[in-house]
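K.L.:
Sequence plus the predicted model coming up.
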Amino acid sequence: MGAPRALRVRCPAKINLGLWILGRRSDGFHEIDTVMQSVALEDDLFLEETPAGFELTTAGLPIPKDGSNILERAWALVAARSPSRGVRVRLVKRIPVAAGLGGGSSDAAGFLLGANRLLALDLSDEELQEFAARLGSDVPFFLKGGTARATGRGEQVRHLCPAPPAWVVLATPPLAISTTWAYGRARISLTAGDRGASILAAAITSNEWRTITPHFHNDFEDVVLPEFEIVAGLRRALEASGVLGSLLSGSGSTVFGLARTRDEAQSAANAAADLGARVHVVRTTERGVTMAGLSGELRFGGCGGPGPAMDPRDFDGTRSGTRGR
């Protein structure tokens, strides 16, 4: 089958079920140990082949203009393999920016997979992983998504047994937090280290959130919550709403909570919205970035194999809602 002339790529967000900062590396990055889970809040990428060059337009949430976009850097890698062809990209942004949800990294992973297919570059899985790691620490995770443990600076990904399904409340305050700032203030885990992540990964095999959530941990909470009362307030509000567990995602500013049912999740979301947060109620997913040709779908993700068929209602707003002020 020949390469399609246009593609749609769905790019999910992630949450961190656990994140430990182990130390600063000689290359300036930090050594971390984290357990991540993809969730069904998604950006859309629409890719179309052109005779030459790269063109990007955006819709939805605004994207900061301070520096090169990660999609432009992804194109620079791809262009070296296909100098005589181009790509026109339309990004529909739904994942909040600088919120700890990995939206930019997911978009980059989606672009790599989409461009590889669209331009028939025949990049191997190893080459895609290498390109992804060069673009950002979280990018390799999104090539398959699901439940995974990431080490090194985050680029060394090992997929775990899937966490049990859950409804997820994402509560994002009107605040962007710089990852560089957060790392600069973070304390190093001197004792927990990889033990905490190993315990969490083992708990996930129980397939019971009541066993898993007591092992949630994020070293960035010691930095972010004391500094930003609105984030700490959202964390308290979600806990008080009776969710199964809640935590700061990444370096923030988003706080998430897990619930058994959509009604329970919506109740928690309402409490967060009352504090001024933009909220989304979505499901966990075992998918990473997912390509759909205009005449059919190509699925990637979930424990190294094809992901399950998508229910369109997961993405049209009937199963994911937003509320804010």
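P.N.:
Cool, the structure landed. Numbering: from 1, shown residues only.

K.L.:
For the rest of this, base every contact and every neighbour count on C-alpha atoms.
P.N.:
Noted.

K.L.:
Okay, now the unreliable bits of this structure?
P.N.:
For the chain, the stretches flagged by pLDDT under 70 are 1-4, 66-67, 189-194, 293-325.

K.L.:
Measure how far the longest helix seen in it is from the centre of its chain, please.
P.N.:
Counting residues, the longest helix found in the chain (DSSP state H) is helix 103-118. Chain-centre distance of helix 103-118: 13 Å, with Cα atoms, centre = their mean, to the nearest Å.

K.L.:
what helices or strands is that helix leaning on?
P.N.:
In terms of contacts (3 or more Cα pairs under 8 Å, 6 or more residues apart in numbering; DSSP states H and E), helix 103-118 is packed against strand 6-24, strand 30-50, helix 70-79, helix 125-135, helix 139-142, strand 290-293.

K.L.:
tell me what the fourth one is packed against?
P.N.:
Same thing as helix 125-135. helix 70-79, helix 103-118, helix 139-142.

K.L.:
how about residue 90, what does it touch?
P.N.:
By Cα atoms under 8 Å, 6 or more residues apart in numbering, the contact set of residue 90 is 45-47, 56-59.

K.L.:
I'd like these written out as CSV, with neighbour count and distance to residue 238 added.
P.N.:
CSV is the format used below for those (neighbours: other Cα atoms under 10 Å; distance: Cα to Cα, whole Å):
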residue, neighbour count, distance to residue 238
45, 23, 32
46, 23, 35
47, 23, 38
56, 14, 37
57, 10, 36
58, 13, 32
59, 12, 30
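
K.L.:
if we can go back for a sec, to residue 251, which of the helices and strands packed on helix 103-118 lies closest?
P.N.:
Closest to residue 251 of these, according to Cα to Cα: strand 6-24, at 9.5 Å.

K.L.:
just the CA coordinates of that closest one, formatted as CSV?
P.N.:
Coordinates of the C-alpha atoms in strand 6-24 are reproduced here as CSV (Å, rounded to 0.1, in the frame of the first residue of the first chain):
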residue,chain,number,x,y,z
ALA,A,6,-2.6,13.3,4.0
LEU,A,7,-2.8,12.1,7.6
ARG,A,8,-4.5,12.9,10.8
VAL,A,9,-2.5,12.1,14.0
ARG,A,10,-4.0,12.0,17.4
CYS,A,11,-1.6,13.0,20.2
PRO,A,12,-2.5,12.1,23.8
ALA,A,13,-1.5,13.8,27.0
LYS,A,14,0.2,12.0,29.9
ILE,A,15,0.1,12.1,33.7
ASN,A,16,2.9,11.0,36.0
LEU,A,17,1.8,8.5,38.6
GLY,A,18,5.3,8.8,40.2
LEU,A,19,8.3,10.9,39.7
TRP,A,20,11.6,10.8,41.5
ILE,A,21,14.6,13.2,40.8
LEU,A,22,17.8,11.2,41.4
GLY,A,23,20.5,13.7,40.6
ARG,A,24,22.0,16.1,38.1
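
K.L.:
Just the angle for that strand relative to strand 30-50, thanks.
P.N.:
170 degrees (axes from the mean of the first three to the mean of the last three Cα atoms, to 10 degrees).

K.L.:
Pull out the buried positions in strand 6-24.
P.N.:
Across strand 6-24, burial judged by 16 or more other Cα atoms under 10 Å covers 6-23.

K.L.:
With stretch 62-70 instead?
P.N.:
Under the neighbour-count criterion of 16+ other Cα under 10 Å, stretch 62-70 has residue 70 buried.

K.L.:
and that stretch, how far from the chain's centre?
P.N.:
With Cα atoms, centre = their mean, you get 18 Å for stretch 62-70.

K.L.:
any idea whether residue 65 is helix, strand or coil?
P.N.:
For residue 65, the secondary-structure state derived from DSSP: H, G, I helix; E, B strand; the rest coil is coil.

K.L.:
For the stretch 101-250 of the chain, which segments count as helices?
P.N.:
103-118, 125-135, 139-142, 179-185, 193-204, 209-212, 221-227, 229-240 (DSSP state H, counting those that start in this stretch).

K.L.:
Now for residue 13: which residues touch it?
P.N.:
Here residue 13 is in contact with 38-42, 95, 101-103, 106 (Cα under 8 Å, 6+ apart).

K.L.:
returning to that earlier point: tell me which of the helices of the stretch 101-250 of the chain is the most buried.
P.N.:
helix 139-142 (a mean of 30; mean count of other Cα atoms under 10 Å).

K.L.:
quick one: contacts of that helix?
P.N.:
Contacts of helix 139-142 (Cα under 8 Å, 6+ apart): 11-12, 38, 105-106, 108-110, 129, 132-133, 148, 150, 155-157, 288-289.
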